[in-house]
Each structure stands twice: as C-alpha cells, then as structure tokens.
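Asks: give me coordinates for this.
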Amino acid sequence: MEPSPAQRAARDRIAAELARADFALPGTLTVRAYACGKPGCRCHADPPRLHGPYAEWTRKIAGKTITRRLTPAELAEYQPLFDNAKKIRALLAELQDLTLEIIETDIQPAAVTPAEPEQRPPENVG
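Replies: A predicted model of the protein is given here:
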C-alpha cells in the first residue's frame, strides 16, 4: 500500500484541517415544529399553525438516545460546536475515502474461476 504524492498531499491537508478543529458536540441538531395533543388547538386547524420551531439536540448516552430542547440562547451558543462536529465528520469521511482509494489500487483482481453449480435435491411439490 503505497500512496501517490497527490494522495499524501491530500492526507496532509486533511490532517492539518483536523489539527485546527475546535471543540465539537456529538449528536444531531434538529429544528422542527409540532402539533400538540389538544384537539381544539390551532395546530389542528385547517391550515395548521404548528407550535415552535424548537431546536432539539439528540445524542446517545450509555446506549440510550437522549433529546434535549435548546433555548434560543443555547442554540446560538452551541451552533458553532455543531458546525465543527459536522466539519470533523466530513474530514474523517474524506480521509476514509482516500484510504479506500489507496487500498483499492493495490488489490489485484484474482483469477476468476467459474463456480460449480450447487447440487440440491429436488423439492417436494404437491
């Protein structure tokens, strides 16, 4: 597995960007509006006027999904941390794709021999 000079340069660029990465929050940020459970509420009218929008942060803690609703102030404060996490995930995916490219060029296709047809007993019909 020997990367080309271009692949080494791409790896170095990705590593440099990862080294500059700042703090990041795990999980997913979702902003959405909801209908409530009260049948006479405005959110059930035609057209509906939903409650929200609300910002929610969802992540896994000890194998359980935890969702936390963020205030507008928390959303403003945490947004750069979510953006950093997204950038880090994109850089990691780029590095993984580069690695796959390197190893796939090393793999030589093996001589393909036709497989023997599988011998099966006849099925009982009827």
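
Asks: ok, the top strand by length along the chain: who's next to it in the sheet?
Replies: The longest strand of the chain (DSSP state E) is strand 51-61. Here strand 51-61 is paired, per DSSP bridges, with strand 28-34 (antiparallel), strand 64-70 (antiparallel).

Asks: low-scoring stretches of the chain, by residue?
Replies: Applying pLDDT under 70 to the chain picks out residues 108-115, 117, 125-126.

Asks: name the residues that touch stretch 25-34?
Replies: If you take CB atoms under 8 Å, 6 or more residues apart in numbering as the criterion, stretch 25-34 is touched by 43, 50-60, 70, 75, 78-79, 81-82, 84-85. Placement of C-beta: from N, CA and C, glycine included.

Asks: just the buried ones from those?
Replies: 50, 54-57, 70, 75, 81-82, 85 (16 or more other CB atoms under 10 Å).

Asks: this completes my enquiry, with thanks.
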